[in-house]
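Trainee: pasting the structure only:
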């Protein structure tokens, strides 16, 4: 049996065409793009082409709005720290409780540096309250940073509307679009988004390459100063091969955009319906009506996620979980906690994330395997008895927590 | 994914004694805050002899929680209640050929379930003397609660102090930022200000770091270059030198290590003093093993021989 990879929100397989396009840039085309001679010049031209491909994928107005970075996290840090440096009189940030750690951990650190951080809460479907947001916009806010799509549930935030509200209030708006780019069509030139982060390895480019989209005219202070690369906005010799790879990946993402939003969505819906029809006490987390086409996050009540993943892995299925045990942390996923999912369900959440390589046969295999695995673990669970949860699980089993 | 031993996988994939025991007369329900894991242990104890006739577990938890539960039930069946209480969480981890540092609390949960069940059997109140926090030092599996309590109890004020008292920060040093944060908070609570130690890199030797003379050409490494063979005596002396170098660190914690026997790749040692029964013992042993491998240039296995006897002699260390 072949392996079924349903963890594409973690990382993706590099597209074969991307690899082919990259290879010459390790050997024949090894020049430094800053060099005058032809070794460098040819690389410089290839980077320009890649920049234009990314521009096209994002619908940006100018190719100079694309700044290559080493990863999505670097793009996030660059955007947020730039806004603070450029507007030292502003001491407040707005973000959400369900951001990726690339933003949340930085924000928590900034609190220790004396900044005020407002984290917008979400409801049980993971949706924001825009009235709460509107009330927080003020002259003291340096930047709003809100993710486009949630990595765990796929739930989309109304970033275009939120960017417009920020812009009208004279506040910079950044979005971590690492999960959204390549899966949703975008036209940034018609938006009010000032800055956007993306990561190559989430869209079939290699790891170690990212982009900060920086709208022309946005006040900016670099994170890395040094050479004049990226017009002085991100010093450091360019990761030429990966940039070329990202350019091809951007072209391919545009080609597959319709497929992603039709075929991938159909397979995701089939997977979800198939599992929910066969497994009792399971539910979809997030906002099913408004989410990425490739992501299904299902909570299996009364069992724990890591145990599910280990058994899935045994039958060749790769997925991920929001349980604390998979990360070695104290709490289950902060996203699940923010949505007020009870502990007995939050620990049992499993994320299946598809890609354009996912096949019908793979989905059928997963639908066949999951019910047995869930039943096997529930048999071991103190919250479970026979064919359902024990009566009043909270009281029947109330362990002493040490 | 975690680096689980084969034994852990075996007990997870095919758990022993799953489910509640019929006619149980001892029940222990405990949970570990660290994982949201929870465990119910049910025992059938012979009231006349105090022998545990049957044991079963029900676990809501991850792979190692299920494996630890399964291991525990296997270990205690046939023992008397008093014998069973002698089992430490380290014994459970050893039975499973070790657990990753982040997962040691799963074995703690097993040990606590046993205490809870015995308390239930004897009609006693369970005394809970144990609290867990987020893992600070991964090298030595030291959590936040332990670091904070040690800082408070001993009025510690530097990262070096914390390392000396708890071992936290004594390995890769990546957790020093976290330890500094805890120190800042604890010092602030007692009205002091944390001052970091002056920055200084300690060179291992005083030889010049730059040599302008062209280095001698390095010979191509011969394939399977046979390391000069040491005589048995040289080898044992080398092992003793390594152990001698480690002993002061252990003695500072009132522990010690003694070389018992060298048999091929197996190095048998005895941990004494505070090291016996210490949660960190397996970390200490793997540290010793690593140093020996580096020093001897060959793989060796450090095997603890405990005073308790043969059972532990089989608890071989996984690298």
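Mentor: Now that the structure is in, tell me what you want to look at. Fair warning: this is a prediction, and the values are worked out from it, not measured in the lab.
Trainee: residue boundaries of the strands in chain B?
Mentor: Taking DSSP state E as the test, the strands found in chain B are B:26-32, B:37-45, B:52-60, B:135-137, B:142-143, B:255-263, B:266-273, B:301-304.
Trainee: which of the ones you listed sits most buried?
Mentor: Among the strands of chain B, ranked by average contacts under mean count of other CB atoms under 10 Å in any protein chain shown, first place goes to strand B:37-45 (a mean of 27). Where C-beta positions appear, they are placed from N, C-alpha and C, glycine not excepted.
Trainee: For my notes, please list the strands of chain B in CSV and give mean pLDDT and distance to residue A:123 for each entry.
Mentor: As requested, the strands of chain B are arranged in CSV below (pLDDT from 0 to 100; distance: least, CB to CB, whole Å):
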stretch, mean pLDDT, distance to residue A:123
strand B:26-32, 85, 28
strand B:37-45, 92, 28
strand B:52-60, 95, 27
strand B:135-137, 87, 32
strand B:142-143, 86, 34
strand B:255-263, 86, 54
strand B:266-273, 84, 55
strand B:301-304, 84, 54
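Trainee: Redo the ones you listed as JSON lines? Include distance to residue A:3.
Mentor: Output for the strands of chain B, formatted as JSON lines (distance: least, CB to CB, whole Å):
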{"stretch": "strand B:26-32", "distance to residue A:3": "32"}
{"stretch": "strand B:37-45", "distance to residue A:3": "28"}
{"stretch": "strand B:52-60", "distance to residue A:3": "28"}
{"stretch": "strand B:135-137", "distance to residue A:3": "31"}
{"stretch": "strand B:142-143", "distance to residue A:3": "36"}
{"stretch": "strand B:255-263", "distance to residue A:3": "42"}
{"stretch": "strand B:266-273", "distance to residue A:3": "38"}
{"stretch": "strand B:301-304", "distance to residue A:3": "34"}
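Trainee: As JSON lines, those strands with distance to chain A would be great.
Mentor: Compiled in JSON lines, the strands of chain B are given as follows (distance: least, CB to the nearest CB, whole Å):
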{"stretch": "strand B:26-32", "distance to chain A": "4"}
{"stretch": "strand B:37-45", "distance to chain A": "4"}
{"stretch": "strand B:52-60", "distance to chain A": "4"}
{"stretch": "strand B:135-137", "distance to chain A": "7"}
{"stretch": "strand B:142-143", "distance to chain A": "10"}
{"stretch": "strand B:255-263", "distance to chain A": "26"}
{"stretch": "strand B:266-273", "distance to chain A": "26"}
{"stretch": "strand B:301-304", "distance to chain A": "26"}
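Trainee: mind giving me the domain ranges of the chain?
Mentor: Using chain A here. A:16-255, A:257-386 (automatic domain parsing).
Trainee: should've been chain B
Mentor: B:6-122, B:135-189, B:232-309.
Trainee: of the ones you listed, which approaches residue A:197 most closely?
Mentor: With CB to CB as the measure, domain B:135-189 is the member of those nearest residue A:197 (24.6 Å).
Trainee: From start to finish, how long is that closest one in a straight line?
Mentor: One end of domain B:135-189 sits 22 Å from the other (CA to CA, to the nearest Å).
Trainee: chain center to that domain: distance?
Mentor: 17 Å (CA atoms, centre = their mean, to the nearest Å).
Trainee: who's in contact with the longest helix anywhere in chain B?
Mentor: In chain B, assigned by DSSP state H, the helix with the most residues is helix B:232-252. Applying CB atoms under 8 Å, 6 or more residues apart in numbering or on different chains, the external contacts of helix B:232-252 come out as B:164, B:230, B:256-257, B:259, B:262, B:267, B:269, B:273, B:275, B:284, B:287-288, B:291-292, B:295-296.
Trainee: Single out the most deeply packed of the domains of chain B.
Mentor: Ranked by mean neighbour count, the domains of chain B are led by domain B:6-122 with a mean of 22 (mean count of other CB under 10 Å).
Trainee: what stretches of the stretch 51-200 of chain B score poorly on pLDDT?
Mentor: Where the stretch 51-200 of chain B drops to pLDDT under 70, the residues are B:127-131.
Trainee: Close to chain A: what parts of it are there?
Mentor: B:57-66, B:102-103, B:108-109, B:112, B:116, B:126, B:128, B:130-135 (CB under 8 Å from any CB of the partner chain).
Trainee: Next up, the contacts around the closest residue to chain B within the stretch 151-300 of chain A.
Mentor: Nearest residue of the stretch 151-300 of chain A to chain B: residue A:300, at 11.5 Å (CB to the nearest CB). For residue A:300, the contacting residues are A:279, A:281-282, A:308, A:345, A:348-350, A:374, by CB under 8 Å, 6+ apart.
Trainee: Mind doing that once more with 10 Å?
Mentor: A:275, A:279-283, A:308, A:321, A:345, A:347-350, A:370, A:373-374, A:377-378 (CB atoms under 10 Å, 6 or more residues apart in numbering or on different chains).
Trainee: same thing with residue A:158?
Mentor: Residue A:158 touches A:127-128, A:130, A:133, A:146, A:148, A:164-165, A:290, counting by CB under 10 Å, 6+ apart.
Trainee: Which ChimeraX command selects the buried ones in these?
Mentor: To isolate the buried ones among the contacts of residue A:158 in ChimeraX, judged by 16 or more other CB atoms under 10 Å in any protein chain shown, type:
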select /A:127,128,133,146,148,165
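Trainee: Could I get the contacts of residue A:158 in CSV, plus columns for pLDDT and distance to residue B:205?
Mentor: Shown next, in CSV, are those (pLDDT from 0 to 100; distance: CB to CB, whole Å):
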residue, pLDDT, distance to residue B:205
A:127, 97, 62
A:128, 98, 59
A:130, 97, 64
A:133, 98, 60
A:146, 98, 53
A:148, 98, 54
A:164, 98, 63
A:165, 98, 62
A:290, 97, 63
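Trainee: Filter the contacts of residue A:158 down to the ones in helices?
Mentor: Residues of the contacts of residue A:158 located in helices (DSSP H): A:130, A:133, A:164-165.
Trainee: how about these in CSV, adding distance to residue B:19?
Mentor: Shown next, in CSV, are the ones in helices among the contacts of residue A:158 (distance: CB to CB, whole Å):
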residue, distance to residue B:19
A:130, 50
A:133, 50
A:164, 58
A:165, 56
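Trainee: hmm, back to that, okay, and which of the residues of the stretch 51-200 of chain B next to chain A map to helices?
Mentor: Short answer: these in helices (DSSP H) are B:63-66, B:108-109, B:112, B:116.
Trainee: Now flag whichever of those residues is closest to chain A.
Mentor: For these, the nearest to chain A is residue B:63 (4.7 Å; CB to the nearest CB).
Trainee: pretty sure that closest one is touching residue B:7, no?
Mentor: No: Residue B:63 lies out of contact with residue B:7 (CB atoms under 10 Å); the separation is 12.0 Å.
Trainee: on that earlier part again, can I get the domains of chain A in CSV with distance to residue B:16?
Mentor: CSV is the format used below for these (distance: least, CB to CB, whole Å):
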stretch, distance to residue B:16
domain A:16-255, 35
domain A:257-386, 11
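Trainee: looking at those, which has the lowest confidence?
Mentor: With a mean of 93, domain A:257-386 has the lowest mean pLDDT of the domains of chain A.
Trainee: How far away from the center of its chain is that one?
Mentor: Distance, centroid of domain A:257-386 to centroid of chain: 17 Å (CA atoms, centre = their mean).
Trainee: To what extent is the residue lying closest to residue A:290 once chain neighbours are set aside buried, counted in neighbours?
Mentor: Among residues not flanking residue A:290 along the chain, residue A:156 sits closest, at 5.2 Å (CB to CB, 6 or more residues apart in numbering or on different chains). Residues lying near residue A:156 (other CB atoms under 10 Å in any protein chain shown) number 21.
Trainee: Quick check: phi and psi at residue A:156.
Mentor: phi -90, psi 140 (degrees, to the nearest 10).
Trainee: Chain B contacts on the stretch 51-200 of chain A?
Mentor: Listed as neighbours of chain B in the stretch 51-200 of chain A under the rule CB under 10 Å from any CB of the partner chain: residue A:112.
Trainee: ok and the residue in the stretch 51-200 of chain A nearest chain B?
Mentor: residue A:112 (8.4 Å).
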